[in-house]
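In: pasting the sequence and the predicted coordinates here, then a few questions.
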Amino acid sequence: MDFDLILVGGGLASGLAGLRLAARRPELRVAIVEASDRIGGDHIWSSFDTDMTPAQREWTAPLYAARWPRYDVRFPAFARTLEQGYASARSENLDAAVRAAIPAERLLLGSRVRSLDATGVTLESGERIEARVVINGRGHAPTTAMELAWQKFVGLEIETLRPHGIDAPIIMDACVDQAEGYRFIYVLPWDARRLLIEDTYYSDGPDLDIEAVKARIAEWAMGAGLGPYGVVRTERGVLPLALGGNIDALWDAGTPGVARLGMRAGLFHPLTGYSFLDAVRTADLLADLPRFDPDLVYNALRAHATRTWQGRRYYRMLARMLFRAAEPPARYRVLQHFYRLPEALVARFYAGRSTRTDKLRVLAGRPPVPPGRALAVMLGLD
């Protein structure tokens, strides 16, 4: 037996799981098999301070590139500052942390997987690597088990010639053209001259026109008065949003006996696409298991994914309301309505801990979508 556990795929979920197991279960021989030459790819993952427990915030602290005490949102009807902490982790920090925690011989980077099963993986080179437990964390894969829409973005990390004057993240600036559906600009101010600017939009399909979105970012930057700047880095992403589906069908379609992590397990916020919190929670769950035998690990991870999915039915209904009840140019009104609500409610929403009262308050008042369509969505008639 080569390893106790093989994590297939070296993205966020596997990276955090490996990091947590190295700290909490050092007796386990944990390997990560990743096709690229680094852990985590080239990404930024953000979360709110209220998402996590103090212990979770502490053990993930080395991953953060910046933290801010507040954030802003902007909509056509109003702008607002929310006094909630926000932090962003960078993939290079995850890569460095994993390399420091896991011996190099257990990081099988540049290794493409030909096949996997419950007892190991076979690489494209033909090499067979065996383990007591195998977990698939290779990100989202096409599936008929979920009804999906998409959050698509292109981001430019820029350096301005003069201080830009933005001192807090802009989580949503929806004061941009909404003709094709809900769209917003997302901004992270790394320092006085460096910014990440993402143009994000919610869409029915996953196609992404990168050059067109870059042009929109340049237009926003000009309107914001940023002046001349240089592009330091470009990123792009297409994230699933869950409108419906069957979590059992998703898991049943996988390789028998192989558990799942992260997006592959259906673990992401249905309406925001955020996945960092789910990856942290799953890493803690793995580290807390009493032993690492195949059935126990598989059953624990599947039960966790199922509970999480079932607990997010309300958020999937809101996602359907956004995509099915609202005309594309009016979709922003759903989020504009939401961000008028109390800060504590907003925080619980992002953490996936909305109370019954929260859920009623989100739906109360004059609906931001046609009432008949909203009712059809709530009754499941859409």
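Out: That came through fine.

In: CA only for contacts and neighbour counts going forward, please
Out: Noted.

In: continuing past the lengthiest helix in the chain, what's the next helix or strand?
Out: Using DSSP state H, we find that the single longest helix of the chain is helix 294-311. Remark: after helix 294-311, the chain's next helix or strand is helix 313-320, criterion DSSP states H and E.

In: immediately after that following helix, which helix or strand?
Out: helix 332-338.

In: now that next one: buried residues?
Out: Neighbour counts over helix 332-338 (16 or more other Cα atoms under 10 Å) mark 332, 333, 334, 336, 337, 338 as buried.

In: same thing with stretch 2-16?
Out: Buried, per 16+ other Cα under 10 Å, within stretch 2-16: 3-16.

In: what about residue 196, which SS state?
Out: strand (DSSP: H, G, I helix; E, B strand; the rest coil).

In: name the helix or strand for residue 141, please.
Out: Using DSSP H and E, no helix or strand contains residue 141.

In: ok, now which ones touch it?
Out: Shown in contact with residue 141 (Cα atoms under 8 Å, 6 or more residues apart in numbering): residue 264.

In: can you start the count at 49 instead of 1 from here on
Out: Sounds good: first residue 49 from here, last item residue 189.

In: of the buried residues of stretch 50-64, which belong to strands?
Out: If you go by DSSP state E, these have 51, 52, 53, 54, 55, 56 in strands.

In: need the residues you listed in a markdown table with pLDDT and distance to residue 364, can you?
Out: Shown next, in a markdown table, are these (pLDDT from 0 to 100; distance: Cα to Cα, whole Å):
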| residue | pLDDT | distance to residue 364 |
| --- | --- | --- |
| 51 | 96 | 38 |
| 52 | 97 | 36 |
| 53 | 97 | 33 |
| 54 | 98 | 32 |
| 55 | 98 | 29 |
| 56 | 98 | 28 |
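
In: could I get those residues as a markdown table with distance to residue 236?
Out: Output for those, formatted as a markdown table (distance: Cα to Cα, whole Å):
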| residue | distance to residue 236 |
| --- | --- |
| 51 | 40 |
| 52 | 40 |
| 53 | 36 |
| 54 | 35 |
| 55 | 31 |
| 56 | 31 |
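
In: low-confidence ranges in the chain?
Out: Under the criterion pLDDT under 70, the flagged ranges of the chain are 49, 413-430.

In: so residue 139 touches residue 94, yeah?
Out: No: the pair residue 139 / residue 94 is not scored as a contact, 11.1 Å apart, by Cα atoms under 8 Å.

In: the more surrounded of these two?
Out: Taking other Cα atoms under 10 Å, residue 139 and residue 94 do not tie; residue 139 has more neighbours (22 against 18).

In: show me the contacts for the more buried one.
Out: 87, 88, 89, 90, 91, 92, 93, 111.

In: next one: it from residue 146, what distance?
Out: Applying Cα to Cα, to the nearest Å, the value for residue 139 to residue 146 is 11 Å.

In: contacting residues around the longest strand seen in the chain?
Out: Longest strand in the chain by number of residues, with DSSP E as the criterion: strand 277-293. With Cα under 8 Å, 6+ apart as the test, strand 277-293 has contacts from 90-91, 188, 193-209, 254, 256, 258, 317-321, 364-365, 367-368.

In: for that strand, which strands pair with it and how are they oriented?
Out: In the sheet, strand 277-293 lines up against strand 194-208 (antiparallel) (DSSP bridges).
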